[in-house]
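J.: Show me how the following folds:
(chains A and B)
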Amino acid sequence: MAESSLKHLQQAANLTRIRAMSMTHHSQLGHTGGDLSSADILTCLYLGGILAVDPEKPYWEQRDRFIMSKGHCSGAFYATLAARGFFPVEQLKTFMDPLSMLNGHPDRNKLPGVEANTGPLGHGAPIAVGAALAAKMRGEHWRVFVLTGDGELQEGSNWEAAMTAHHYKLDNLTVIVDRNRIQQGDFTENTVQLDPLPSKWASFGFAVREVDGHNHEELMQVFHSLPLEPGKPTCIIANTIKGKGVSFAENKPAWHHGVPTREQLLLAAEELGVEVPW
Amino acid sequence: MVVAPPVETSAKTYDCREAYSRTLEEMAAQDKRVCAVINDSVSSTKLKKFKELFPERFVNVGIAEQNMVGVGAGLANGGMVPYVCGASCFLTARAMEQVKVDLGYSKWNVKLCGMSSGMAYGQLGATHHSIEDMAWTRIIPNLTVIVPADPLETEQVMRYSLRHDGPMFLRISRVPVPKVHDRGYQFTLGRAALMNDGDDVTIITNGILVARALQAAKLLEERGIFARVLNMSSIKPLDSDAILKAARETRGIVTAEEALTAGGLGGAVAEVLALHHPARMRMLGLPDVFAPTGSAEFLLDHFHLNAEGIVNAALDLLGAKK
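T.: Reported below is the predicted structural model:
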């Protein structure tokens, strides 16, 4: 990828980061750690030209489907959708306000670009499997992406969905795991061990690739290589750092739903090389 | 309220699953969006033929109900109209959060077919009974809930479901029932069917109990008591007008259902009455208990869900001698 494109994506991702943090500061609620860990993945998908979506026609039948299974990271998700043009960036200021379209967790009936109502964990993968099956049934070529958290994989429904995806050879389906190794209460491996995660997915019949979830070149490369194997669903394990890009939040379980103060917001902006948006 | 044309009830009985599966096959032949999702239960959902006719539109997710309902939502996202079919006890209880979030809250156009509901799996025990499904599904916003009474109504409800844009729960029994509706009957969402007219007492029921309620009305008539019988197949939306009319025009209401009365049809009718026109009531159904072991017929009798039980409840309500 051209250096200028990569630089552009990096700036966009950091803008998403500071917007998400500003939203959380505004509402005094949010999930800073996961917003920051998933920002690069979301940016590459939506602003790197991977997803075939059209903000002018959000319900275009042939669109690629992206399901944000880790719905609690709505800060990063909304900021990305706004950056892609699904709704005005200004609207991000209403995050979690009374009667806002920007719920704490995404609602497809309120916000264009949202494919599924998520929040309770383990819902995205089955929905993604259904949307991928629909494409196969209809002989259509849309692709389905689902972003899950890693702690979320403790929900059994994900593995039910994985078995179905393998059985029906859903090579139009890509599961991306935001592997930041921290869940709400503690590190994942101190809670209920997930490793060896790549071989778990492989044993469920997925073609698996591990990438640095903050390296845009690696992310774009793997997204351009889909499906990794014809006839198999793909699992991309994106190794990330919870709180990525903001020194005081990085790799700290307390920042799962930590809320930044105004001072912390200014410090984060400085570290990210962007300005606090409002 | 719609007036149901009279029908000669005969001894011949039918499994409503036959009407449901035959209608689903016909709808799938006419509409390419129709597909089926099941959890291993090809035979108990009577979808063997559907699988043969439309293999590419038949999804078996295995024994995985949460996934099954989520897959249904995803299929709807992709423009299909999925019929997600499984034993009601597992479909509702195991996948309740998916029913709430992926269907009710999300408003996906998915049709849940809860098979062998109520106490149809009699001897298998309380694990396999689905006496809670009425209360659980009825309270979920945006979820339409229907309990058809016989093969004709089952067919009509299935056809209606394809025209209805939104999530639905259809409760389909395997307990054999006689025909209670004539060919001239037309199911209407949110409208009770007047099965028998009367001004003394009203019996509100649905599903497999409609035939029993009609028998009860005959027995009451022999005693000079004229019972109005309403088939409340549309549990949500509920026909409040028909309930209030009955409360005004008759001396009391007996509800009869193959479910827990708390939160079920009895609860639903009581909510309407309490707010708008308090009336005397008797509720037949399961009290706050799990059913013991026994055949479906045995259990229906055990809980007085038969003609005699309904008659006694009506007499008790009217203060008449039993």
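
J.: Show me the strands in chain A, by range?
T.: Using DSSP state E, the strands assigned to chain A run over residues A:65-68, A:144-149, A:173-179, A:207-212, A:234-239.

J.: If you could redo that for chain B, that was the one I meant.
T.: With DSSP E, the ranges of strands along chain B come out as B:2-3, B:34-38, B:58-60, B:81-87, B:111-115, B:144-146, B:168-172, B:193-196, B:201-205, B:227-231, B:234-236, B:253-260, B:281-286.

J.: Dump the ones you listed into TSV; add mean neighbour count, distance to B:A242 and mean pLDDT as well.
T.: In short, each C-beta sits where N, CA and C put it, glycine included. Listed next are those as TSV, based on neighbours: other CB atoms under 10 Å in any protein chain shown; distance: least, CB to CB, whole Å; pLDDT from 0 to 100:
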stretch	mean neighbour count	distance to B:A242	mean pLDDT
strand B:2-3	13	9	82
strand B:34-38	26	32	98
strand B:58-60	21	39	98
strand B:81-87	28	29	97
strand B:111-115	28	24	97
strand B:144-146	25	15	98
strand B:168-172	27	20	98
strand B:193-196	23	8	97
strand B:201-205	29	8	98
strand B:227-231	27	6	98
strand B:234-236	22	10	98
strand B:253-260	29	11	98
strand B:281-286	23	15	98
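
J.: Turn those into JSON lines, columns for distance to chain A.
T.: Listed next are the strands of chain B as JSON lines, based on distance: least, CB to the nearest CB, whole Å:
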{"stretch": "strand B:2-3", "distance to chain A": "32"}
{"stretch": "strand B:34-38", "distance to chain A": "6"}
{"stretch": "strand B:58-60", "distance to chain A": "6"}
{"stretch": "strand B:81-87", "distance to chain A": "8"}
{"stretch": "strand B:111-115", "distance to chain A": "14"}
{"stretch": "strand B:144-146", "distance to chain A": "17"}
{"stretch": "strand B:168-172", "distance to chain A": "17"}
{"stretch": "strand B:193-196", "distance to chain A": "33"}
{"stretch": "strand B:201-205", "distance to chain A": "33"}
{"stretch": "strand B:227-231", "distance to chain A": "33"}
{"stretch": "strand B:234-236", "distance to chain A": "19"}
{"stretch": "strand B:253-260", "distance to chain A": "26"}
{"stretch": "strand B:281-286", "distance to chain A": "30"}
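
J.: want to try TSV for the ones you listed, with distance to B:S21 as columns?
T.: Output for the strands of chain B, formatted as TSV (distance: least, CB to CB, whole Å):
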stretch	distance to B:S21
strand B:2-3	26
strand B:34-38	9
strand B:58-60	12
strand B:81-87	9
strand B:111-115	9
strand B:144-146	17
strand B:168-172	10
strand B:193-196	23
strand B:201-205	25
strand B:227-231	22
strand B:234-236	22
strand B:253-260	21
strand B:281-286	28
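
J.: Can you give me the end-to-end span of stretch A:187-196?
T.: Stretch A:187-196 has an end-to-end distance of 15 Å (CA to CA, to the nearest Å).

J.: what's the answer for stretch A:161-180, then?
T.: Start to finish, the residues bounding stretch A:161-180 are 22 Å apart (CA to CA).

J.: Over to stretch B:47-64?
T.: Taking CA to CA, the span from the opening residue of stretch B:47-64 to its closing residue is 17 Å.

J.: distance between it and the chain's centre?
T.: Using CA atoms, centre = their mean, to the nearest Å, the mean C-alpha position of stretch B:47-64 is found 24 Å from that of the whole chain.

J.: Okay, buried residues for it please.
T.: By 16 or more other CB atoms under 10 Å in any protein chain shown, the buried positions in stretch B:47-64 come out as B:47, B:50-51, B:54, B:57-61, B:64.

J.: would CSV of the strands of chain A with mean neighbour count, distance to chain B and mean pLDDT be doable?
T.: Formatted as CSV, the entries for the strands of chain A read as follows, by neighbours: other CB atoms under 10 Å in any protein chain shown; distance: least, CB to the nearest CB, whole Å; pLDDT from 0 to 100:
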stretch, mean neighbour count, distance to chain B, mean pLDDT
strand A:65-68, 28, 7, 98
strand A:144-149, 28, 8, 98
strand A:173-179, 28, 10, 98
strand A:207-212, 19, 20, 98
strand A:234-239, 24, 16, 98
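
J.: Thank you, goodbye.
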